[in-house]
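K.L.:
Okay, structure incoming, though there's no sequence with it:
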DNA sequence: GCGCATTACTAATGCGCATTACCCCGCAGG
DNA sequence: CCTGCGGGGTAATGCGCATTAGTAATGCGC
């Protein structure tokens, strides 16, 4: 029997007037002649598909389809604590006007992998663009709508991130990020990739190789140096301090004269790290040209990363590529694992060697 | 007094064991010594900030701060009947491997405008990528998850779209789409833009202009022709059928000989439509080069759209640009209006004229 | 023919928050 | 002294769904 509780009618208005509101499970249930719970069971059909007769199941499915029923993600999440949504958060605009700095390559992989796993993506905007809920101490709180969240770029505020991590919210950072204990991340394996570049050069016959790097303590830089030196050692080549040329301003210090001196000393190959600016590589190329040297013939060059996009596209440098789409995909995989309560796996993604045209055998004879 | 309802404990587990769940309003309330409702009132503080004493308010705020309270977006949305989420759906991958076909330029504008309006974006994957909920008759149902949805590309199945539209679900299509009554869309104003190109050429002194178009019935093509012809008429130039050269295979039919004949007939300027392939423009450029003609000097060329990205970047064609970011932004604005229950406004976005270097005064004398 | 296990559902409940309806209290007016 | 009234809160309720306890119906064995 119904209680006469008509006097109380809290909550919001029943439905936006004028247009059909989205169907609820209750409506599906009514149409199918079953209870709401049954609808939930049928539609939420997990692996344990039992306890529902095929007939009833079909009735429900038909009803749901005919009404165009779609579960409300908010309600779903509230009740089940998941909604098959992965967040993507970048402190700078995800789609900056300057395509060069965009996260596009990552997103290619993120989208694919997410799609393959049945996740949709939530792009959290407000981050930079000064939108409505732009910043503030709880700027990152919105990401909690998703089951988990990917973070791109180093600009996500550490404190906010810590908060999420501590709350057990699944978070994966694209790009190594060690300063925050417990933060899951995926990153390129610069060590191995740099190592391999040395291997290749050594295999070509080079016996003295110099790394040109900028004066920077980023993990990406030190990783490369580390792999480079390890490669030298393993190849039995001189790996002392003289094998690394570290300079704050490659354009000034890496002169053609300096280059010739190295050659005179028996150096036959140079390796530059990739940085935001690409200055190391740029300087190396410039010095080579100014010195009137031919690259694959007189000396070999390799770039530990991708060439600056503005540089002559004809000359593909030897070195390795950073597999950004794969990184994105790996991030999604890791995030999915975290969401599922599993533990993190290998965070490093291999960078494939790129033969390019700037490396060859060392020149023979004097 | 508490009822002994301990036997029943439905719902999901209280919290993932082992980690602190983030605070709820209830905890804030307890700490502040008030009720949950009061917390909600204080934190949800809208314009009607009354009915709460300053003292209580402060207690609540302090408690919330000290606990680091952050509202659960899902719950908030459930209660408030909106999620501040806009969908973005593209039948093909949103971030295809081939950057050329990506919707990136649109998304730039979409993201900005969405951010400015406090919306987050949901990228519906599964569409093409063959993911979990890939296709099926209700493939589009998922978009109902958001408050409204943007559609990119012409491939979204009409029937599914109709369904959404009929249900009153706010939908905006990027790119003109007339076949579906009631479907809101935003598109570039090709008619006006093409018209203006003719104006400019006429102003430069050209008296006979020919449009080269491919054999295609897309609205984008017919719009351009329409604007072109209107421009001719208004400028008092010959706008008969001979002003339009329509061909299925520009590369074969647009020979240098054909070009010379036109010139002999007094034609001094050519206009090509932009298509997926860019064949019309390509053929025009090729014929000019093969005929040994100099572009700005011997004849003027204009392109109704953006040049194919693979074409020599040095030569900026005269014509107009398709303001994709603005289109994206306009789409968001329109969608936001629909979500708010307002009516659609002007769907056309103007295309700015691009002077370029391929148009100049007609050659003087024979 | 009764106990008991299955099967096939339904009823009840709560997730976290927003939104009333209502209540309590002190004070002014009749 | 009772009533009216407004400020300041609180209890109750529901959003839409998932989950689980409970129940009716049926089957089965002895």
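P.N.:
It's in. On a predicted model such as this, the values are computed, not experimentally measured, just so you know.

K.L.:
what are the ranges of the strands in the stretch 251-366 of chain A?
P.N.:
All strands of the stretch 251-366 of chain A, identified by DSSP state E, counting those that start in this stretch, fall at A:269-273, A:300-304, A:318-320, A:348-349, A:353-354.

K.L.:
So the helix or strand in which residue A:160 is found, near chain B or not?
P.N.:
Element membership of residue A:160 [criterion: DSSP states H and E] is helix A:158-166. Yes: using CB under 8 Å from any CB of the partner chain, helix A:158-166 comes into contact with chain B via A:163, A:166. For the C-beta atoms, the positions are set from N, CA and C on the backbone; glycine is no exception.

K.L.:
okay but residue A:148 is in contact with residue A:337, surely?
P.N.:
No: with contact defined as CB atoms under 8 Å, residue A:148 does not count as touching residue A:337 (9.6 Å).

K.L.:
If you count surrounding residues, which of these two has more?
P.N.:
residue A:148 (25 against 17; other CB atoms under 10 Å in any protein chain shown).

K.L.:
DNA strand D: which of the strands of the stretch 251-366 of chain A is closest?
P.N.:
Checking the strands of the stretch 251-366 of chain A against DNA strand D by CB to the nearest atom of the strand gives strand A:348-349 as the closest, at 33.1 Å.

K.L.:
Give me the distance between the closest one and the centre of its chain.
P.N.:
11 Å (CA atoms, centre = their mean, to the nearest Å).

K.L.:
rewinding a little: in TSV, list the strands of the stretch 251-366 of chain A along with mean pLDDT, distance to DNA strand C and mean neighbour count.
P.N.:
Shown next, in TSV, are these (pLDDT from 0 to 100; distance: least, CB to the nearest atom of the strand, whole Å; neighbours: other CB atoms under 10 Å in any protein chain shown):
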stretch	mean pLDDT	distance to DNA strand C	mean neighbour count
strand A:269-273	95	46	29
strand A:300-304	96	47	27
strand A:318-320	96	46	27
strand A:348-349	94	35	19
strand A:353-354	96	49	18
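
K.L.:
want to throw those into JSON lines with distance to DNA strand D?
P.N.:
Formatted as JSON lines, the strands of the stretch 251-366 of chain A follow (distance: least, CB to the nearest atom of the strand, whole Å):
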{"stretch": "strand A:269-273", "distance to DNA strand D": "49"}
{"stretch": "strand A:300-304", "distance to DNA strand D": "48"}
{"stretch": "strand A:318-320", "distance to DNA strand D": "44"}
{"stretch": "strand A:348-349", "distance to DNA strand D": "33"}
{"stretch": "strand A:353-354", "distance to DNA strand D": "46"}
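
K.L.:
does residue A:77 count as helix, strand or coil?
P.N.:
With DSSP: H, G, I helix; E, B strand; the rest coil as the basis, residue A:77 sits in helix.

K.L.:
That one against residue A:83, yeah?
P.N.:
Yes: here residue A:77 reaches residue A:83: they are 4.0 Å apart, a contact under CB under 8 Å.

K.L.:
who touches the host helix or strand of residue A:211?
P.N.:
According to DSSP H and E, residue A:211 maps onto strand A:209-214. When contacts are defined by CB atoms under 8 Å, 6 or more residues apart in numbering or on different chains, strand A:209-214 is touched by residues A:198, A:201-202, A:221, A:224-225, A:228, A:232, A:237, A:242-248, A:250, A:254, A:262, A:267-273, A:275, A:277, A:279-280, A:283-284.

K.L.:
cool, stretch A:39-56 as well?
P.N.:
Contacts of stretch A:39-56 (CB under 8 Å, 6+ apart): A:25-26, A:28-29, A:32, A:34, A:38, A:57, A:60-61, A:63-64, A:69, A:71.

K.L.:
Helices - which of those land there?
P.N.:
Among the contacts of stretch A:39-56, the ones falling in helices (DSSP state H) are A:25, A:26, A:28, A:29, A:32, A:38, A:57, A:60, A:61, A:63, A:64.

K.L.:
Can you name the residues that contact the last one?
P.N.:
Contacts of residue A:64 were listed using CB under 8 Å, 6+ apart, and they are A:28, A:32, A:39, A:42, A:43.

K.L.:
Are the worst-scoring helix or strand of chain A on mean pLDDT and DNA strand C in contact anywhere?
P.N.:
Lowest by mean pLDDT, DSSP states H and E among the helices and strands of chain A is helix A:158-166, with a mean of 82. No: Helix A:158-166 is not in contact with DNA strand C by CB under 7 Å from any atom of the strand; minimum separation 14.6 Å.

K.L.:
name the helices or strands packed onto that helix?
P.N.:
Contacts defined by 3 or more CB pairs under 8 Å, 6 or more residues apart in numbering or on different chains; DSSP states H and E place helix A:158-166 against strand A:171-174.

K.L.:
Given the strand it packs on, what are its sheet partners and their directions?
P.N.:
Here strand A:171-174 is paired, per DSSP bridges, with strand A:148-152 (parallel), strand A:184-188 (parallel).

K.L.:
Can you give the domain ranges for chain A?
P.N.:
A:25-68, A:85-188+A:326-349, A:190-322 (automatic domain parsing).

K.L.:
And the contacts of residue A:64, which two are furthest apart?
P.N.:
Spatial extent of these (CB to CB) is set by the pair A:32 and A:43 at 10.8 Å.

K.L.:
three-state assignment of the residue of the stretch 151-300 of chain A at minimum distance from chain B?
P.N.:
For the stretch 151-300 of chain A and chain B, the shortest gap (CB to the nearest CB) falls at residue A:168, measuring 3.9 Å. When classified by three-state DSSP, residue A:168 comes out as coil.

K.L.:
coming back round to it: hey, what's in contact with both of residue A:77 and residue A:83?
P.N.:
Common contact partners of residue A:77 and residue A:83 (CB under 8 Å, 6+ apart): A:145, A:147, B:74.

K.L.:
Let's see which of these end up in strands.
P.N.:
Assigned to strands by DSSP state E, none of those qualify.

K.L.:
Which of those residues fall in helices?
P.N.:
residue B:74.

K.L.:
Nearest to DNA strand C among the shared contacts of residue A:77 and residue A:83?
P.N.:
residue B:74 (7.4 Å).

K.L.:
pretty sure the closest one is touching residue A:74, no?
P.N.:
Yes: using CB under 8 Å, residue B:74 makes contact with residue A:74 at a distance of 4.7 Å.

K.L.:
any shared contact partners between the two?
P.N.:
residue A:83.
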